[in-house]
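Enquirer: return atomic coordinates for the entry below.
(one chain, ligands or ions: 2)
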Amino acid sequence: MRTEYVAVPVAQAIREDGVAAAIQKKHVASVLYTYRCTLACRHCLFSCSPRKPNVHVGLEDGLEYLRRLHQTDRVVHIAGGEAMMYWSALIDLCREAGREGVAPHFVETNATWCISDALAYRRLEQLRDAGVLGLLISACPHHQHECPAENYDRCFRAAVEVFGDRNVAAARLTMDELRDFEAIARDEERLADYVRANPPCLVGRAGEALARYLPDRPISELAHDSTWKGPEDHMACRTQFDPATIWEIHVDPYGNVTTCCGIIIGNARRAPLAGLLSGEGWLANPLVNVAYHEGPTGLLSMAVERGYVPRDGYPQKCGLCWEVRKFLRPHFPDILGPDEVYTVD
Ligand code: SF4
Ligand code: SF4
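Expert: Ligands and ions are numbered 1, 2, ... in the order given. Below is the predicted model:
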């Protein structure tokens, strides 16, 4: 059970400690607003990019998702992709949700849109006035490959002023550190060192673009690899598919509910969302069941039964999972999706 953080309700955790600390204590639940993004980061598990379909969560669906997500006692946010690409629809959703008392606690952004102080303050103040309490801003060498350091810095400063320091989940970075991120992104050797020191889960674009920096190892050595939120002490992926321990649960524009990117647990258009979010029926999903009990080696066995030829080694536990999932996808199109994640463009 989530014993370390179940005791304090999310609203109290945010009130007492702020959004950034509450995220760590209560974990998160999100509306994955769109798979489109202004960036196409090499480490992106969701394979987001500007080339993804022009699809985002609609107003009615978004309101319903937010109502249900708030019942999970997690910190609720709007994620992507880059939701700010659809600013007018996004602020409409936040305002309408705010009127109902279900505004997201925070919005996640890569700050590419922050091209002036005026725009940064205007949008962040409008989010705050709609009832949003904070902002999460991403920064790392992969983000700063295309997002200028100035945009991050501008967004961060405005967010701290608008929402208050403890409600901004973002690294406190100097311009020199941000410039260094830009430099790492453009230097093959430094990028390789960075990836080895900070390996992302090798799923989605990360699985295609960054696996080459990590050496293959025998499957027997992969069990303790870190996954989304730290390593498990076995090959099984129980943490990822137990509502008591998962780090994040998403609902995407198609109604797909996921905890581990690209493995659809269920769909809100076919089953009640409240049940899906609470874990009801998760283990009836054949791939979730295998991942929960056996992890990627169980998925590998399913693939071998269908003709997959294993390699001698893989660079990571999640990297093995990604390779096997790509093979299994035609056999389980409703579970291994959506297309956006598996089409790495
Ligand atoms: S990691 Fe974030 S900013 Fe980068 S492409 Fe993915 S969604 Fe966009
Ligand atoms: S091995 Fe697969 S199921 Fe397990 S955490 Fe990694 S991506 Fe998710």
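
Enquirer: what does stretch 199-209 rub up against?
Expert: Here stretch 199-209 makes contact (C-beta atoms under 8 Å, 6 or more residues apart in numbering) with 40-47, 49, 210-211, 214, 226-228, 260-262, 315-316, 318-319, 321-323, 341-342, 344. For the C-beta atoms, the positions are set from N, CA and C on the backbone; glycine is no exception.

Enquirer: give me that answer again for 6 Å
Expert: 42-47, 211, 261, 316, 318-319, 322, 341, 344 (C-beta atoms under 6 Å, 6 or more residues apart in numbering).

Enquirer: what's the average pLDDT for that stretch?
Expert: Averaged over stretch 199-209, pLDDT sits at 97.

Enquirer: list the buried residues of it.
Expert: 199-207, 209 (16 or more other C-beta atoms under 10 Å).

Enquirer: in TSV: the residues you listed, plus distance to residue 240.
Expert: As requested, the buried residues of stretch 199-209 are exported to TSV (distance: C-beta to C-beta, whole Å):
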residue	distance to residue 240
199	17
200	15
201	10
202	15
203	11
204	15
205	19
206	16
207	16
209	22
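
Enquirer: just the buried ones from the contacts of stretch 199-209?
Expert: Neighbour counting with 16+ other C-beta under 10 Å marks 42-47, 211, 261, 316, 318-319, 322, 341, 344 as buried within these.

Enquirer: make CSV out of the residues you listed and add secondary structure.
Expert: CSV is the format used below for the buried ones among the contacts of stretch 199-209 (DSSP: H, G, I helix; E, B strand; the rest coil):
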residue, secondary structure
42, coil
43, coil
44, coil
45, coil
46, coil
47, coil
211, helix
261, coil
316, coil
318, helix
319, helix
322, helix
341, helix
344, coil
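
Enquirer: now narrow the residues you listed to whatever sits close to ligand 2.
Expert: On the criterion C-beta under 6 Å from any ligand atom, residue 318 are the entries of the buried ones among the contacts of stretch 199-209 that sit beside ligand 2.

Enquirer: out of the buried ones among the contacts of stretch 199-209, who's nearest ligand 1?
Expert: Ranked by distance to ligand 1 (C-beta to the nearest ligand atom), these are led by residue 44 at 3.2 Å.

Enquirer: any idea how far that closest one lies from residue 9?
Expert: Residue 44 sits 33 Å away from residue 9, taking C-beta to C-beta, to the nearest Å as the criterion.

Enquirer: do residue 227 as well
Expert: 28 Å.

Enquirer: of those two, give the one with the bigger neighbour count.
Expert: residue 227 (20 against 11; other C-beta atoms under 10 Å).

Enquirer: can you confirm that one is in a helix?
Expert: No: secondary structure assignment (three-state DSSP) places residue 227 in strand, not in a helix.

Enquirer: need the pLDDT of the residue in the stretch 51-200 of the chain positioned nearest to ligand 1.
Expert: Across the stretch 51-200 of the chain, the shortest distance to ligand 1 (C-beta to the nearest ligand atom) belongs to residue 110, at 3.7 Å. Per-residue pLDDT puts residue 110 at 98.

Enquirer: can you check residue 7 too?
Expert: 80.

Enquirer: next one: residue 157
Expert: 98.

Enquirer: and for residue 232?
Expert: Residue-level pLDDT assigned to residue 232 equals 72.

Enquirer: tally of neighbours for the spatially closest residue to it that is not a sequence neighbour?
Expert: Among residues not flanking residue 232 along the chain, residue 239 sits closest, at 5.6 Å (C-beta to C-beta, 6 or more residues apart in numbering). By the criterion of other C-beta under 10 Å, residue 239 has 19 neighbours.

Enquirer: now residue 234
Expert: Residue 234 has 11 nearby residues by other C-beta under 10 Å.

Enquirer: can you tell me the helix or strand for it?
Expert: Assigned by DSSP states H and E, residue 234 falls within no helix or strand.

Enquirer: tell me the spacing between the residue of the stretch 201-345 of the chain found nearest ligand 1 and residue 108.
Expert: Of the residues in the stretch 201-345 of the chain, the one nearest ligand 1 is residue 205, at a distance of 7.5 Å by C-beta to the nearest ligand atom. The gap separating residue 205 from residue 108 is 17 Å, by C-beta to C-beta.

Enquirer: ditto for residue 186
Expert: To residue 108, residue 186 is 25 Å away according to C-beta to C-beta.

Enquirer: which one's more surrounded, those two?
Expert: residue 108 (22 against 11).
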